[in-house]
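Engineer: A predicted structure for the sequence below; I have some questions about it.
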Amino acid sequence: MPQISNYTYDEITIGQTATCSKRVDVQDIQLFAALSGDVNPVHLDAGFAATTQFKGCIAHGMLSGAIISAAIAMQLPGPGSIYLSQSLRFRLPVRPGDTITLTLEVTEKKDKRGIVVLDCTVLNQQGKRVLTGTAEVMAPAEKLVLERPSTPRVHIEA
């Protein structure tokens, strides 16, 4: 089984980065709507969404925020990290079928509480910024190497 590991506060360096990509499909948007309760028709109803300024369905902004959370939990700092705060600026919509690439970059370390500040940038497949922000995370003090849990399988019914 694949393993995951973390970076402890002492291992993290200013300028360190982590990157991941994800294709955002209609099913991702439906799952996020089901989980969050945000069933705004701009996300789920193509007919309605076509009449908006977006001219089609868009993903929830916080779906991109959740992908940032996953990158923090799984990559930098990784398992054992504690997400303290996040600022987000939504610059362009993410549409079904878009592939977004997230980059986290360590910009500051706060020794007193073991906090790292991460610059967060999300680009679409055309290299356009769809989201920017900053996260503060308490990095783990202990090194962990764990078996990677399987992603839960779900079924959606409309």
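Structural biologist: Ah, there it is. Numbering: from 1, shown residues only.
Engineer: Describe which strands the biggest strand by length in the chain pairs with in its sheet and in which direction.
Structural biologist: Ranked by number of residues, the top strand in the chain under DSSP state E is strand 99-110. Strand pairing for strand 99-110, using DSSP bridges, gives strand 17-23 (antiparallel), strand 115-123 (antiparallel).
Engineer: buried sites along that strand?
Structural biologist: Buried residues in strand 99-110, counted by 16 or more other C-beta atoms under 10 Å: 100-106. Bear in mind the C-beta positions are built from the backbone N, C-alpha and C, glycine included.
Engineer: and Val24, what is it in contact with?
Structural biologist: 59, 63, 94-100 (C-beta atoms under 8 Å, 6 or more residues apart in numbering).
Engineer: before we move on, the earlier item: of the strands paired with strand 99-110, which stretch is the most buried?
Structural biologist: Sort the strands paired with strand 99-110 by mean neighbour count, taking mean count of other C-beta atoms under 10 Å, and strand 115-123 sits at the top with a mean of 21.
Engineer: Run the chain-centre distance for that strand.
Structural biologist: Centroid displacement of strand 115-123 relative to its chain, using C-alpha atoms, centre = their mean, to the nearest Å, is 10 Å.
Engineer: model confidence over that strand, on average?
Structural biologist: The pLDDT scores in strand 115-123 average 98.
Engineer: Now tabulate the strands paired with strand 99-110 in JSON lines and tack on distance to Ser85.
Structural biologist: As requested, those are exported to JSON lines (distance: least, C-beta to C-beta, whole Å):
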{"stretch": "strand 17-23", "distance to Ser85": "18"}
{"stretch": "strand 115-123", "distance to Ser85": "10"}
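Engineer: Which elements pack onto the biggest helix by length in the chain?
Structural biologist: Looking across the chain with DSSP state H, the single longest helix is helix 61-74. Here helix 61-74 touches strand 17-23, helix 26-36, strand 82-90, strand 99-110, strand 115-123, strand 129-138, going by 3 or more C-beta pairs under 8 Å, 6 or more residues apart in numbering; DSSP states H and E.
Engineer: could the ones you listed go into JSON lines alongside distance to Ile4?
Structural biologist: Listed next are the helices and strands packed on helix 61-74 as JSON lines, based on distance: least, C-beta to C-beta, whole Å:
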{"stretch": "strand 17-23", "distance to Ile4": "12"}
{"stretch": "helix 26-36", "distance to Ile4": "21"}
{"stretch": "strand 82-90", "distance to Ile4": "16"}
{"stretch": "strand 99-110", "distance to Ile4": "15"}
{"stretch": "strand 115-123", "distance to Ile4": "18"}
{"stretch": "strand 129-138", "distance to Ile4": "16"}
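Engineer: Good, we can wrap up now.
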